[in-house]
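Undergrad: predicted model and sequence follow; I will ask about them next.
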Amino acid sequence: MSDKPLNLSEERIAYLDGLVRHARAAAAVFHQFTQEDVDRIVKPMVLAGLEQAQYLARLAVEETKIGVMEDKAIKNMVATEFVYNYVKDKKTVGVIREYPERRLVEVAEPIGVIFSLTPITNPTSTVLFKCIMGIKTRNAVIFSPHPSASKCCFEAVRIMNEMAVQHGAPEGVFSCLQDHTLDDNRYLMRHKDIGLIDATGGPGAVKAAYSSGKPALGVGAGNTPVYIEKSADIPMAVVDIITSKTFDNGTICASEQTVVIDDEIWDKVLDQFASLGAHICNEKETEILSRTVIDPKTGFMQPMAVGQKASNIAKFVGISVNPKTKLLITPITGVGPDHPLSAEKLFPVLSVYRAKSVDEALKVCIDVNHNGGLGHTAVVFSNNEEVIRKYGEVINAGRIIVNSPGSIGALGGVYNDMVPTFSFGCGTGGGNSTMDNVNVFHYLNIKRVARRTQAHMWFRVPNQIYFNMNATENLRNFPSRSTLIITNAPLEAIGHVDAVKRCIPPETPVRVTIIPDAEPDIKIIRQGVEALNFYKADQIIALGGGSVIDAAKIMKLQYEFPEADLEELAAPFLDIRKRVVQYPTEKTNHARLIAISTTSGTGSEVTPFAVMTDKEHGFKVTLADYSLTPDVAIVDPQFVMSMPKGLTVDTGVDCLTHALEAGVSIFASPYTDSNAMMAIRLVFRYLPVAYENPRDEEARTMMHNAACIAAIAFSNASVGVNHALAHAFGARFRVPHGRANALMLTHVMAYNAAVPTKFMPSPNQRAYVAHKKYAMMADLLGLGGHTVEEKVENLITATGQLLDQLKVPRSIAELGISREDFEKAIPELAKIAFDDPSWRSNPRMPLVNEIVELFWAAYYGRGTKAVATEGAKTTKTQKMVAV
Amino acid sequence: MTTLMDWQRIDGERLATVLKEQREKLGEQSGDVMLDFSGVARIDPAGLLAVEELADEAHKKSVKVVLRGVNVGIYKVLKLAGLTSRFSFVN
C-alpha cells in the first residue's frame, strides 16, 4: 500500500468515519440475531435480486460498456439463486457444526464491518453475492465499487439494503461509496473498525488490500490454460469453450485464455471452432492483435478490449471478419513476454497452441499457469483418467475444471458441485490467503469449543499366564513341530533346562541355544535368529531372567520380520498409540514365544519391552511394542528357589519400584492400580521372608507372582522418574538396576508427593493425585495416619525400613563413590536421565535442576530428607499437596 | 449507598425514547445516573445510537452513568460498539 499522504479533506474523513461508525453499530446490533432472523432476511433479498437481475445487468452494461446484458442478467441470477441454494440450509449463526465423537463444537463469530471492493467486469453480480453473504453471516459491508461501475453497484446495494432493512436487518448494514477516490479506499482499508477487506478486482486493488495490514481476502487475476487431449470429446470441448469464452464477452477471470491442443486433433478442433463461428487468425492477424489488444509496455491486456465483442475488436484493430464472429482464435508458438497473446485476455480472443505430445502439452499449460494464472483456474478436456490426474497434479489452480466450461464451471454449482461464488481464491501462488471459492464461511470467524476428551486406555497382557509351583507342566498343552529353548549356561548347569524339557511333549524336537548371561548383543540376536531359521522353530521357550527373555523377544521379532530395522523401531515416542514408527504386523513364521522367568523382578515374561546393545556400533536400543509381549508366560517359583540373597533383594526392589511407579503414573487406571497395589502388598509382606528364608516356598511363590503382576501394571501404565534416574546412574557407575532403583526410591516418592513445579499434561486425570495414591498404598499396608500427608510420610518411612531390613545401602556414598566423582558425573547423569523416556509417565514433570537435586538426595541417602522444590538448596521436607 | 428507588428502570420497548429523556435530564440532579436495563432484552440501532449519545452527553457534563442488569447479549453489543468503557456496570 502506498505510503504517500492521504489527500482527504476533514469533511471527507468525517463522512468516511460516519459510514464506518454506522456500519459498526449495525454489526454490533446484528450480533443479537438468530439463524432464523437472518434466514428470514436473506430470502426476500434473493428474490429481489432475481427480480432486478435484468434491470441491474442493463445498468451495468450501460455504465461500464463492458459485456453482454443477457449474460450479466444470468450472472445476477447465479449470484442470487445459486448462492441462495448453497447457503439457505447452512448454519452461520451460533453453533454451526458439531462433532460429538471428537467433543468439538464450532461456533460462528461475525467479523463486524467488511470493506468490500468490487470489480468492473462483474459489478452487480458481485455486489448481490456479497450482500447475501454479509446478511447470512451477520456482518455489515461497506462497498467500494470500481469507479467506472459505481452507479450500477450503488443501485444494487440500495436494492439489497432496502430489502434487508425492510425484513429486519439493522439500518446501516450496507453502504456504498460514490464519487470515491483511491485515497478513500486507502483510508478505509486502514480504518481501525474495519474487520476484513474483501477485494475482488484487479491486481492493484488486491495488492492494496493485502498491503493494508488488515486481514484480507484478495482475489484477482488469472490466466486459464486449457488442454484438449486427443481422447477428448471434441464437439463438446469446442462448444464448452466458446460458451465460456464468449460469456459476457469473456469478462469472467476464470475464462479460457490459451488452449493447448494435441497435434493429432489440431485440425479437427480448429475446424470445429471455425464451423461454430470462430475466426481462425492467420499469422499477420495474430501479430496485429498481439500488439494492439495487449499493452506492449506492461504485457497486460488493453482496457479498451475488455468485455468487447469479437467483431468489434477485429474492426477496431483493422482485421476483416464476419460480423457474426464469436471468437478470434490466435495460434501462438510459445508462452511469456515474447508471446503477448499468452497473457490473460478478458475478451473473446483465445490463443491456441499445437502440442506434439502430452508431455509438451502439460509443460505449455504449466507455462501459461505460471504466466499470471497461478492458483486461479485451469481446464482439461480428456477421457483419459491418467491425463486428468496428471493435469490436476502439475497445474497450480484452485479450480481445475474437467470436461466443462472454465468460467461458468469455476463459478460453481452449474457444471459441478463446487461452492457457488463470484470470488475465486488463488492461494499463495496468486498472493491470496485462500484458494477456495470464497463463500459464507470466509465471512466468519469460526470458534472451536473443545471439550475435554479422555484418551482411550488399554490393558494388554499375554494370552495365557500360568503360575504357582510346577506351572511349567502346562507346556504339555502346547504342541510344536520344532522348539528352541533360549537360556544361559548357569541355568542349564543347575538343571533348569532339563526341568523344562521334561514338561515338553516327548514327540516335540527340542534344541537349546545358550546365550551369555548379560544384556543381549546384536551378534547374539543374529545367531539366535539363524538357529530359529535353521530349525524352522514354531515355538521359542525363553528360560531365564530379563536378559534372556529380552533376547528371545528380539530374536522372535527378527525371525518374524526379517526386514525390521531395530534401530528405527527404537525411535522415541511420547504416546505408544501415536508413535511415528510402526512395528510390522505380517508375520513370516507365526512362532509362539513362551517366557519362563527365573528371577522375581523384571517381569519381562509379561512386558512389551526389550533392551539390546550393539557393541560393534556402540549403541543400545530399547524396544517397546505390545507385539513383543510373549504369547505365554509361566511364573513357576521352582526356578527362583535357589536365587542368591543379593539377587533376591535387587530383583525384589525392582518389582516394588515397578508397582510404586505404575501406581502413581499418569497412565494408571483401575486395571493397573489393582495389579500395582496387590504387588506392593505382596512385596512388603513376602520380600523380607524370601530374603531371610530363601527356601520359604510361599514367600518365593508370592514374590514371583508379585514381580509378574507389577510388570503387568507397568506394562500398561509405564514407570516414572525413578527409573530414569536409576538407568542413568546404574549405567554410569555399574550398579545393578534394582539397587540403583532402591537408592532413589524414597526420595522420588517424597518428590512426587509434593506440589509439582510443573504438572504433566494428563487428560485422564482430573487432579494431581500422586500423593493420594501413595496414601491409598499406605492404607493398604495398614500403616496408619490420619491425613494424606501423614500416610505418605508413613509409606516413605516404611519403604525406607524395608530397604534397611534388606540391607540395601542407604546412600550412593555408601557404595564408595566419592563426592568428587559423583559431582563430576552429575551434569551428564542429569542429561541422560532427562532424555530417558521413563519419566514421561511420571505424575510430576522433572526439571533438570530437580533431577540434579534428586541425585544429590540419593547420594546423601535415606534419613536426610529429600527436597526438590525449584531453586531449593536445603534439604527440608517438601510441602505436600493440599488435601 | 444506593437504594432500589435510585435506579431508573428502562423500558425495553421504548429504549431510544427513554434514553433520550434521560440524556436531556443529565446534570439536573447531582450524583450518578443509574439505569436498570434488566427489562431490556434486545437493542436496535436506534437504541444503540441513544446509548452512545447518552454516553457523549454524560461525558460532557462529567456525569457517571451506571448500568444495571445488562444482559450478556446486550453487553456484547455494547462491547462491539466500543461503548462499555464509557459506563459502569453492576449486576
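TA: Sure thing, it's come through.

Undergrad: and for whatever residue of the stretch 351-500 of chain A ends up closest to chain B, the neighbour number?
TA: Nearest residue of the stretch 351-500 of chain A to chain B (Cβ to the nearest Cβ) works out as residue A:445 at 12.6 Å. Using the backbone N, CA and C atoms, a C-beta is placed for each residue, glycine as well. Residue A:445: 14 surrounding residues under other Cβ atoms under 10 Å in any protein chain shown.

Undergrad: any idea whether it is helix, strand or coil?
TA: strand (DSSP: H, G, I helix; E, B strand; the rest coil).

Undergrad: strands of chain B, residue ranges please.
TA: B:8-9, B:33-36, B:65-68, B:88-90 (DSSP state E).

Undergrad: how about JSON lines for those, with mean neighbour count and mean pLDDT added?
TA: Formatted as JSON lines, the strands of chain B follow (neighbours: other Cβ atoms under 10 Å in any protein chain shown; pLDDT from 0 to 100):
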{"stretch": "strand B:8-9", "mean neighbour count": "15", "mean pLDDT": "82"}
{"stretch": "strand B:33-36", "mean neighbour count": "20", "mean pLDDT": "93"}
{"stretch": "strand B:65-68", "mean neighbour count": "20", "mean pLDDT": "94"}
{"stretch": "strand B:88-90", "mean neighbour count": "12", "mean pLDDT": "94"}
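
Undergrad: and these: which comes nearest chain A?
TA: Nearest of the strands of chain B (Cβ to the nearest Cβ): strand B:65-68, 15.7 Å.

Undergrad: spit out the contact partners of the residue nearest to residue A:290 when sequence neighbours are not counted.
TA: Excluding its sequence neighbours, the residue lying closest to residue A:290 (Cβ to Cβ, 6 or more residues apart in numbering or on different chains) is residue A:340, at 4.4 Å. Residue A:340 makes contacts with A:290, A:291, A:294, A:296, A:299, as judged by Cβ atoms under 8 Å, 6 or more residues apart in numbering or on different chains.

Undergrad: return the distance of the closest residue in space to the residue of the stretch 351-500 of chain A closest to chain B that isn't next to it in sequence relative to chain B.
TA: Nearest residue to residue A:445 in three dimensions, chain neighbours excluded: residue A:109, at 4.1 Å (Cβ to Cβ, 6+ apart). Going from residue A:109 to chain B by Cβ to the nearest Cβ, to the nearest Å gives 10 Å.

Undergrad: what strand or helix carries residue A:109?
TA: strand A:104-110 (DSSP states H and E).

Undergrad: pairing partners for that strand, with directions?
TA: strand A:95-99 (antiparallel), strand A:444-450 (antiparallel) (DSSP bridges).

Undergrad: on that earlier part again, and the residue nearest to residue A:290, how far from residue A:430?
TA: Using Cβ to Cβ, to the nearest Å, residue A:340 is found at 21 Å from residue A:430.

Undergrad: what stretches of chain B score poorly on pLDDT?
TA: B:1-5 (pLDDT under 70).

Undergrad: just the closest residue of it to chain A, please.
TA: residue B:80 (3.7 Å).

Undergrad: now do the contacts for that residue.
TA: A:24, A:27, A:28, A:31, A:112 are the contacts of residue B:80 under Cβ under 8 Å, 6+ apart.

Undergrad: do you know how far it is from residue A:32?
TA: 10 Å.

Undergrad: where exactly do the helices run in chain B?
TA: Under the criterion DSSP state H, chain B contains helices at B:15-25, B:45-60, B:72-80.

Undergrad: these: which one's closest to residue A:824?
TA: Closest to residue A:824 of the helices of chain B is helix B:72-80 (Cβ to Cβ; 60.9 Å).

Undergrad: so which bits of the closest one are buried?
TA: By 16 or more other Cβ atoms under 10 Å in any protein chain shown, the buried positions in helix B:72-80 come out as B:74, B:77, B:78, B:80.

Undergrad: how far off centre is that helix?
TA: 13 Å (Cα atoms, centre = their mean, to the nearest Å).

Undergrad: now stretch A:703-713
TA: 38 Å.

Undergrad: so for that stretch, mean pLDDT?
TA: Here stretch A:703-713 scores 98 as its mean pLDDT.

Undergrad: export that stretch as PDB, just CAs?
TA: Output in PDB follows, covering the C-alpha atoms of stretch A:703-713 (Å, rounded to 0.1, in the frame of the first residue of the first chain):
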ATOM      1  CA  MET A 703       7.300 -62.700  45.200                       C
ATOM      2  CA  HIS A 704       7.300 -64.400  41.800                       C
ATOM      3  CA  ASN A 705       3.700 -63.500  41.400                       C
ATOM      4  CA  ALA A 706       4.300 -60.000  42.700                       C
ATOM      5  CA  ALA A 707       7.000 -59.500  40.000                       C
ATOM      6  CA  CYS A 708       4.700 -60.600  37.300                       C
ATOM      7  CA  ILE A 709       1.700 -58.600  38.400                       C
ATOM      8  CA  ALA A 710       3.800 -55.500  39.000                       C
ATOM      9  CA  ALA A 711       5.100 -55.900  35.400                       C
ATOM     10  CA  ILE A 712       1.500 -56.200  34.200                       C
ATOM     11  CA  ALA A 713       0.800 -52.900  35.900                       C
END
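
Undergrad: residues contacting that stretch, please?
TA: With Cβ under 8 Å, 6+ apart as the criterion, stretch A:703-713 contacts A:461, A:465, A:467-468, A:597, A:599-607, A:633, A:635-637, A:640, A:648, A:651-652, A:655-656, A:658-659, A:662-663, A:672-673, A:675-676, A:678-679, A:682-683, A:686-687, A:690.

Undergrad: from these, list the buried ones, please.
TA: A:461, A:465, A:467, A:597, A:599-607, A:633, A:635-637, A:640, A:648, A:651-652, A:655-656, A:658-659, A:662-663, A:672-673, A:675-676, A:678-679, A:682-683, A:686-687, A:690.

Undergrad: show me these that map onto helices.
TA: Using DSSP H, those in helices are A:648, A:651-652, A:655-656, A:658-659, A:662-663, A:672-673, A:675-676, A:678-679, A:682-683, A:686-687, A:690.

Undergrad: what residues are up against residue 50?
TA: I went with chain A, as the question did not name one. Here residue A:50 is in contact with A:76, A:77, A:80, A:81 (Cβ under 8 Å, 6+ apart).

Undergrad: my question was about chain B, not that one.
TA: With Cβ under 8 Å, 6+ apart, residue B:50 has these contacts: B:15, B:16, B:19, B:20, B:23.
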